[in-house]
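Participant: With the sequence up front, the predicted model follows.
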Amino acid sequence: MNGLLSSPKNVRKLILATNLVYIVSLLLKMGISNPAYFFENAFQTINLVFYGYVVISWFLIRNNKLYFLSSLLLILDLPVNLRPYIQNFLVWQLHIGNISAIHIILVFLAAVFVFIVYRYKIMPYLQVFLLFFYSVSLLFIIFQTKTVRSTALHISTPVGNISKNYYFLLFDEYPGEQIIKQYDLCEKADYPSSFLPRQGFAADPRFYTNYISTVRSSINFLTGSMQARYNVNNAINALDSNVFAKGSNYSFAAFSILDRNNRPNSFFARYYFYNFNNLLTQKVIPWCISLFSTRHVGDFNDCELYNADAFGKLEELSKSKRLHVAYIHFFAPHTYPLVRDVPIAKRIHNANEWMLRSIAAITRNDPKAGVVIFSDHGLREPPVPFSQWNQGLLYSRQVTIDTAKLNRSGLVSLAESIKY
């Protein structure tokens with residue numbers, strides 16, 4: 001072993017081999033877990049840049065220690081996967097609550113590691129460990145990864161005819177007002193009851209969702225049925241096959257993080273499909289791409305741009321003369337990379353701003369339309385206990401809803417409970 005590791009060329013080969021094993025293992029996991037969306041997932045712009053970096057670094061980085069650090073810190077996912085464990089230890093064991101202090105400590109630990117690698121002759125042995133670690137991980141992926149496949153959707157009674165336009169505005173992870181009040185999540189001015197009744201909306205305070213995941217809840221709402229199996233493929237398919245898709249006198253339009261325009265090549269795919277998880281794909285490449293591209297090119301993580309496009313689609317539809325049902329999925333007040341450390345109060349305020357802009361557009365362009373504002377689940381964060389994560393929001397205007405039926409069955413019966 002010492003003879004093997006004493007050769008700089010052999011060590012470089014081990015580093016490259018580890019990078020390739022990691023890439024092959026993740027590609028296998030993508031393919032085995034969800035073959036239907038393998039190519040969409042594996043060949044996103046950000047991943048193509050990542051593959052290119054792995055090749056270029058082999059030729060351009062001649063210093064072995066720098067090549068090793070580039071591989072470990074940028075290409076492999078071990079540091080990124082270790083970070084939450086270290087962060088939780090700092091928060092819960094050492095009681096360090098300041099996020100800036102935590103970031104400083106993490107940077108300090110990384111600097112200490114870099115110093116040790118350059119000061120002591122341990123790099124080759126660390127590299128052998130990494131190759132062994134990722135080789136074992138590859139075996140686990142081969143033998144333990146389960147396949148996700150599309151299954152037939154069961155669709156309840158289709159909505160055949162409508163008398164006017166309907167807009168279903170979903171605000172992701174918006175909690176019910178009783179939860180907002182109970183846990184003091186925002187200022188009173190941002191309570192839905194503080195501004196929605198003035199816009200002509202009535203609340204259903206007993207509304208709840210059947211599940212606490214976007215995938216399951218969106219399937220429930222769109223199909224109006226509890227499914228035998230739930231997976232992301234079915235959620236994608238439900239945008240095309242649902243109770244509104246074959247209307248006799250109207251068209252159906254959807255704008256969602258799961259639709260065929262927004263899903264490909266976006267960071268949303270990383271929520272639902274296995275993908276590379278390292279500093280390059282999560283931070284460096286997205287930032288570089290953002291310097292010269294819009295959110296539609298490469299990996300984007302700014303949902304305000306997505307929400308702006310959702311609003312743009314809504315405004316476009318509200319001007320249409322043809323009868324239609326619109327389903328617009330706003331990704332707010334849900335947390336996402338650029339708002340990960342933003343308090344829920346500010347996120348609720350932000351969601352309310354999109355809500356008011358949407359209402360204003362519909363009022364201006366389509367004042368007789370029915371409007372339903374709802375959420376796919378409640379807040380899934382402390383201090384709200386797990387048992388209340390399904391307490392969501394439901395307000396409606398110019399919509400006749402059988403609330404008794406809705407409150408018995410939950411979100412799954414929303415579409416069926418409306419008199420169109």
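Facilitator: Great, that's in hand. In this text the structure is predicted, and so the values were computed from the model without any measurement.

Participant: what's the domain layout of the chain?
Facilitator: 2-144, 166-419 (automatic domain parsing).

Participant: deepest of these, which one?
Facilitator: Highest mean neighbour count of these: domain 166-419, a mean of 19 (counted as mean count of other CB atoms under 10 Å). For every residue, glycine as well, the C-beta is placed using N, CA and C.

Participant: Centre of the chain to it, how far?
Facilitator: The chain centroid and the centroid of domain 166-419 are separated by 12 Å, computed with CA atoms, centre = their mean, to the nearest Å.

Participant: So for that domain, mean pLDDT?
Facilitator: On average, the pLDDT along domain 166-419 is 91.

Participant: tell me the contacts of Tyr250?
Facilitator: 161-162, 165, 322-325 (CB atoms under 8 Å, 6 or more residues apart in numbering).

Participant: which non-adjacent residue is nearest it?
Facilitator: Setting aside the residues directly before and after it, Tyr250 is nearest to Leu323 in space (CB to CB, 6 or more residues apart in numbering), at 3.8 Å.

Participant: so the one you found sits right up against Ser251, yeah?
Facilitator: Yes - in this structure, Leu323 is within contact of Ser251 by CB atoms under 8 Å, at 7.3 Å.

Participant: okay but Val11 is in contact with Lys121, surely?
Facilitator: No - shown here, Val11 and Lys121 do not form a contact pair, counting by CB under 8 Å, at 11.1 Å.

Participant: show me where the protein has strands.
Facilitator: Secondary structure of the chain (DSSP state E): strands located at 166-171, 202-203, 251-255, 324-330, 370-374, 394-397, 400-401, 418-419.

Participant: Of all the domains of the chain, which one is nearest Ser150?
Facilitator: Across these, the minimum distance to Ser150, taken as CB to CB, is reached by domain 166-419, at 4.1 Å.

Participant: and the end-to-end length of the closest one?
Facilitator: Terminal residues of domain 166-419 lie 11 Å apart, using CA to CA, to the nearest Å.

Participant: Then stretch 226-237?
Facilitator: Using CA to CA, the span of stretch 226-237 from its first residue to its last is 15 Å.

Participant: Stretch 398-415 too?
Facilitator: The stretch stretch 398-415 measures 15 Å between its terminal residues, going by CA to CA.

Participant: Identify the bridge partners of His255.
Facilitator: Residue 255: Phe, not His. Following DSSP bridges, Phe255 is listed with bridge partners Ile328.

Participant: isn't it right up against Asp309?
Facilitator: Yes - counting by CB under 8 Å, Phe255 touches Asp309, with 7.4 Å between them.

Participant: anything in contact with each of the two?
Facilitator: Contact criterion CB under 8 Å, 6+ apart; residues shared by Phe255 and Asp309: Asn262.
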